[in-house]
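>>> Compute the structure for the input listed below.
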Amino acid sequence: MRALPLVLIAALAFAPARSVSGGPAAPAAPSRAEWEALAVRYRAILLRDPDDAHARYSLAIVHAHEGRVMEGYRELQAVDRRLGARRDVFSVQVVADAQRILAARPNHVPSRYRLAFALWFQGRKDEARAELERLVALEPEHPWSLGYLGYAYADAGDLDTAVALWERGIALDPANAVLHYVLALAYTRKGQLKKAAAHFAAAYRDRTLRDYVKDQEGR
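Coordinates of the predicted model:
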């Protein structure tokens, strides 16, 4: 499935959430207001120090969680540009920091997000998918968490599971243009062109996504 750098930060979809064994019951995930408070905090840090890679990466994660696809993608690109050859060391630090927090607070959703993305970018995709499973257990009705898990399944070649998950995501968020778009790509691959056309039509109602796809196809 091509044209998915957007989806790396956006979302594709949904598989039945597996329960996380052991530990206390998951508390309520951070509210939207709490996520936005994190964004304000990281922006304030970046005003003082635009080169703070940890703050910029964390801001990208907030955007990813909240479905601000292009904003998150741009922040990750900025992290990559600023780090250059130091990106691998940075990634190891992110993983270690997240694991340290999760050892004490296993249901800390922001840290699980940071860990899942860092593992993915390291190429440790099975471990990243396991973290995404845990996130879905913590946030079973959050379309974007489900979306990233679906992308992990699609990347692993399990398109049927990914499609089932993306459909679950659309049920939760019928206006989600990214989920419609990846479903359209998936149904095209499966040869179900009528369904693909319907999802393409729904996706292209979003001008930002339509312009992004047009730009990608023109390269």
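>>> What is the neighbour count of Arg205?
11 (other C-beta atoms under 10 Å). Using the backbone N, CA and C atoms, a C-beta is placed for each residue, glycine as well.
>>> ok, now the one 4 residues further on?
As a burial measure, the neighbour count of Leu209 was computed by other C-beta under 10 Å and equals 19.
>>> Who are the contact partners of it?
Counting by C-beta atoms under 8 Å, 6 or more residues apart in numbering, Leu209 makes contact with Leu6, Ala177, Val178, Tyr181, Ala203.
>>> ok, now with 6 Å
Ala177, Ala203 (C-beta atoms under 6 Å, 6 or more residues apart in numbering).
>>> low-confidence ranges in this protein?
1-29, 219 (pLDDT under 70).
>>> list the buried ones in stretch 125-139?
Residues 127-139 are the ones in stretch 125-139 that count as buried (16 or more other C-beta atoms under 10 Å).
>>> again, but for stretch 63-79
For stretch 63-79, by 16+ other C-beta under 10 Å, it's 63-69, 71-73, 75-76, 78-79.
>>> Closest one to Ser145 out of those residues, please.
His65 (7.4 Å; C-beta to C-beta).
>>> Give me the three-state assignment for that closest one.
For His65, the assignment made with DSSP: H, G, I helix; E, B strand; the rest coil gives helix.
>>> measure it to Gly191 for me?
Between His65 and Gly191 the computed distance is 34 Å (C-beta to C-beta, to the nearest Å).
>>> now, which of the buried residues of stretch 125-139 lie within helices?
Glu127, Ala128, Arg129, Ala130, Glu131, Leu132, Glu133, Arg134, Leu135, Val136, Ala137, Leu138 (DSSP state H).
>>> Spell out which residues sit in contact with Arg114, please.
Contacts of Arg114 by C-beta under 6 Å, 6+ apart are Ile61, Val94, Ala98.
>>> follow-up on the earlier one: looking at the ones in helices among the buried residues of stretch 125-139, which is nearest Ser31?
Looking across those and measuring by C-beta to C-beta, the closest to Ser31 is Leu138, at 13.6 Å.
>>> separation between that closest one and Ala116?
For Leu138 relative to Ala116 (C-beta to C-beta), the value is 12 Å.
>>> coming back round to it: neighbour-wise, which one of the contacts of Arg114 leads?
Ile61 (28 neighbours).
>>> Ramachandran coordinates for His142?
phi -100, psi 110 (degrees, to the nearest 10).
>>> give the contact list for it.
Per C-beta under 6 Å, 6+ apart, neighbours of His142: none.
>>> How much space separates it from Ala39?
17 Å.
>>> Val213 too?
26 Å.
>>> And Tyr181, by the same measure?
25 Å.
>>> same question, Val95
22 Å.
>>> now swap in His63 and tell me
8 Å.
>>> Which parts of the protein are strands?
Secondary structure of the chain (DSSP state E): no strands present.
>>> ok, back up a step: give me the more crowded residue out of Tyr181 and Ala39.
Tyr181 (27 against 18).
>>> these two touch, right, that one and Ala203?
Yes: if you go by C-beta atoms under 6 Å, Tyr181 and Ala203 touch, sitting 3.8 Å apart.
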